[in-house]
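Undergrad: Need coordinates for the below:
(one chain, ligands or ions: 2)
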Amino acid sequence: MTTTFQVPDIEASRLPALLEAMPKAELHMHIEGSLEPEMIFRLAQRNGVKLSYASVEELRKAYAFTDLQSFLDIYYAGASVLLTEQDFYDMARAYLDRAVADNVVRSEMFFDPQTHTERGVAMETVINGLHRACVDAEREQGISAALILCFLRHLSEDSALQTLEAALPFRDRFIGVGLDSSEVGNPPEKFARVFARCRELGLHLVAHAGEEGPPEYVWSALDVLHVERVDHGVQSVRDPALMQRLAKDRIALTVCPLSNEKLCVFPRLADHNIRQLLDAGLVATVNSDDPAYFGGYMNTNFTRLFAEAPGLTARHAYQLAFNSLEASFAERADKERWQQQLRSVFEKA
Ligand SMILES: Nc1ncnc2[nH]cnc12
Ligand SMILES: [Zn+2]
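TA: Ligands and ions are numbered 1, 2, ... in the order given. Here you go, the predicted structure:
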């Protein structure tokens with residue numbers, strides 16, 4: 001569905017407030033990537049975990065990444081402080097609080113069980129802590145929150161299949177599966193069997209593709225894995241036939257501007273291709289990816305993008321928020337209610 005709403009002309013100076021106020025869905029964030037350095041140190045102390053950084057400041061200084069892998073090495077080290085159900089709960093509640101402050105009405109959070117089960121943490125501990133946080137945030141703050149289990153693509157497909165089996169007793173606590181970690185050299189087709197099994201189970205399917213990897217990886221995410229959304233997908237602009245396919249099938253791209261800048265996918269936010277994606281009719285959305293590592297949560301992604309990337313207008317802002325609600329896996333009635341709220345924020349602007 002595309003929008004028929006006529007977006008009113010809005011002065012550029014009023015855009016930041018509008019970007020902040022608009023109701024939006026976050027469809028691409030890794031909950032382990034919301035661990036702020038302060039929380040890493042607090043949990044390390046609570047659990048007696050030794051860190052290789054002496055202070056919060058020293059850890060923060062290490063956040064100077066050159067590519068995806070240089071980030072992942074630090075991200076997995078940070079996640080090593082998570083041991084108990086309460087740790088997973090506290091991490092997710094802290095993120096959901098921040099999301100509510102940014103007028104996120106729906107969040108579909110990725111989690112990486114293998115990062116924890118490989119260290120001896122039980123699947124049950126991970127899923128129960130995260131799930132309880134979603135339930136409590138929904139009840140107390142009104143945000144709609146759901147979980148997507150991601151397989152680590154640098155590990156084997158057998159490990160992914162075992163992870164799926166271990167998670168199936170908690171099938172009602174996650175809505176779908178995804179594919180993340182080191183992209184180049186680990187193409188989507190490596191996970192064909194596990195995604196086929198997830199499809200049979202009626203799980204939603206998404207995968208990271210075209211973050212650093214080539215357009216071919218986006219094609220195989222679509223044609224081999226049968227994903228419903230592509231995470232990142234910004235390399236798709238290199239293949240006009242792929243752009244047409246994504247537009248025709250209305251496959252959403254969950255784009256992460258600050259992440260792309262921090263991991264040097266684009267030299268500067270000013271060089272980001274999101275306007276090109278939107279103007280080609282693709283269902284692009286804005287997301288924070290790993291907000292504690294990349295310099296901001298949802299509203300910072302929106303406000304910095306609109307301040308720095310040329311040519312983005314109120315019409316693009318509306319389209320991005322509308323797309324996020326439309327591409328979410330929420331109930332149709334909820335999506336329509338949020339889209340109505342979105343229209344009314346723009347009408348009053
Ligand atoms: N941006 C990203 N790409 C791939 N895997 C990730 N895991 C956490 N953040 C990621
Ligand atoms: Zn990601």
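Undergrad: how deep is residue 79 tucked in, by neighbour count?
TA: The criterion is other Cβ atoms under 10 Å. On that basis, residue 79 has 21 neighbouring residues. Every C-beta, even on glycine, is put in place using the N, C-alpha and C of the backbone.
Undergrad: tell me the contacts of the residue lying closest to it once chain neighbours are set aside?
TA: The spatially closest residue to residue 79, leaving aside those adjacent along the chain, is residue 32, at 4.5 Å (Cβ to Cβ, 6 or more residues apart in numbering). Residue 32 makes contact with 75, 78, 79, 82, 91, 111, 112, 115, 290, according to Cβ atoms under 8 Å, 6 or more residues apart in numbering.
Undergrad: what are the ranges of the strands in the stretch 101-250 of the chain?
TA: Listed in chain order, the strands of the stretch 101-250 of the chain (DSSP state E, counting those that start in this stretch) span residues 104-111, 144-152, 176-180, 204-209, 229-232.
Undergrad: Rounded mean pLDDT for the fourth one, please.
TA: Strand 204-209 comes out with an average pLDDT of 99.
Undergrad: which secondary structure elements does that strand contact?
TA: Based on contacts counted as 3 or more Cβ pairs under 8 Å, 6 or more residues apart in numbering; DSSP states H and E, the elements that strand 204-209 packs against are strand 176-180, helix 192-200, helix 215-223, strand 229-232.
Undergrad: Could I get the buried residue list for the third one?
TA: The reference is to helix 215-223. Within helix 215-223, the residues scored as buried using 16 or more other Cβ atoms under 10 Å are 215, 216, 217, 218, 219, 220, 221, 222.
Undergrad: where's the nearest residue to the second one once chain neighbours are set aside relative to ligand 1, distance?
TA: Right, residue 216. Nearest non-adjacent residue to residue 216, counting by Cβ to Cβ, 6+ apart: residue 187, 7.4 Å away. Distance of residue 187 to ligand 1, computed by Cβ to the nearest ligand atom, to the nearest Å: 14 Å.
Undergrad: quick revisit: just so I know, which of the strands of the stretch 101-250 of the chain lies nearest residue 347?
TA: Comparing the strands of the stretch 101-250 of the chain by their distance to residue 347 (Cβ to Cβ), the top pick is strand 104-111, with 17.7 Å.
Undergrad: ok, the residue nearest to residue 131 when sequence neighbours are not counted - contacts?
TA: Leaving out its chain neighbours, the residue that sits closest to residue 131 by Cβ to Cβ, 6+ apart is residue 173, at 4.4 Å. Contact partners of residue 173, counting by Cβ under 8 Å, 6+ apart, are 127, 128, 130, 131, 147.
Undergrad: returning to what we had before: nearest to residue 4, of the buried residues of helix 215-223?
TA: Residue 4 has its nearest neighbour among the buried residues of helix 215-223 in residue 222, at 27.6 Å by Cβ to Cβ.
Undergrad: tell me the pLDDT at the closest residue to residue 192 other than its chain neighbours?
TA: On the basis of Cβ to Cβ, 6+ apart, the spatially nearest residue to residue 192 that is not a chain neighbour turns out to be residue 224, at 5.2 Å. The score at residue 224 is 99. That number is its pLDDT.
Undergrad: and what of residue 2?
TA: Residue 2 is assigned 52 on the pLDDT scale.
Undergrad: and the closest residue to ligand 1 within the stretch 151-300 of the chain, what does it touch?
TA: Minimum separation of the stretch 151-300 of the chain from ligand 1 (Cβ to the nearest ligand atom) falls at residue 180, amounting to 3.5 Å. Applying Cβ under 8 Å, 6+ apart, we find residue 180 in contact with 30, 110, 112, 150, 151, 152, 153, 208, 231.
Undergrad: switch to 10 Å and redo it
TA: When contacts are counted by Cβ atoms under 10 Å, 6 or more residues apart in numbering, residue 180 is found next to 28, 30, 33, 68, 72, 110-112, 148, 150-154, 206-208, 211, 231-232, 289.
Undergrad: Buried ones only from those residues, please, as a ChimeraX command.
TA: Per 16+ other Cβ under 10 Å, the buried members of the contacts of residue 180 correspond to this ChimeraX selection:
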select :28,30,33,68,72,110,111,112,148,150,151,152,153,206,207,208,211,231,232,289
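Undergrad: can you tell me which of the contacts of residue 180 are up against ligand 1?
TA: Among the contacts of residue 180, the residues lying close to ligand 1 (Cβ under 6 Å from any ligand atom) are 30, 33, 68, 208, 211, 289.
Undergrad: Which residues of the stretch 151-300 of the chain lie near ligand 1?
TA: Proximity of the stretch 151-300 of the chain to ligand 1, by Cβ under 6 Å from any ligand atom, involves residues 180, 181, 208, 211, 259, 289, 290.
Undergrad: please redo it, this time with the cut-off set to 5 Å
TA: Residues of the stretch 151-300 of the chain lying near ligand 1 by Cβ under 5 Å from any ligand atom: 180, 181, 208, 289, 290.
Undergrad: Need the phi and psi values for the second one.
TA: Note on residue 181: backbone dihedrals following degrees, to the nearest 10 are phi 80, psi -160.
Undergrad: Same check on the fourth one?
TA: With angles defined as degrees, to the nearest 10, residue 289 shows backbone torsions of phi 70, psi -80.
Undergrad: wait, it sits on residue 255?
TA: Yes. Under the criterion of Cβ atoms under 10 Å, residue 289 lies in contact with residue 255, with a separation of 9.3 Å.
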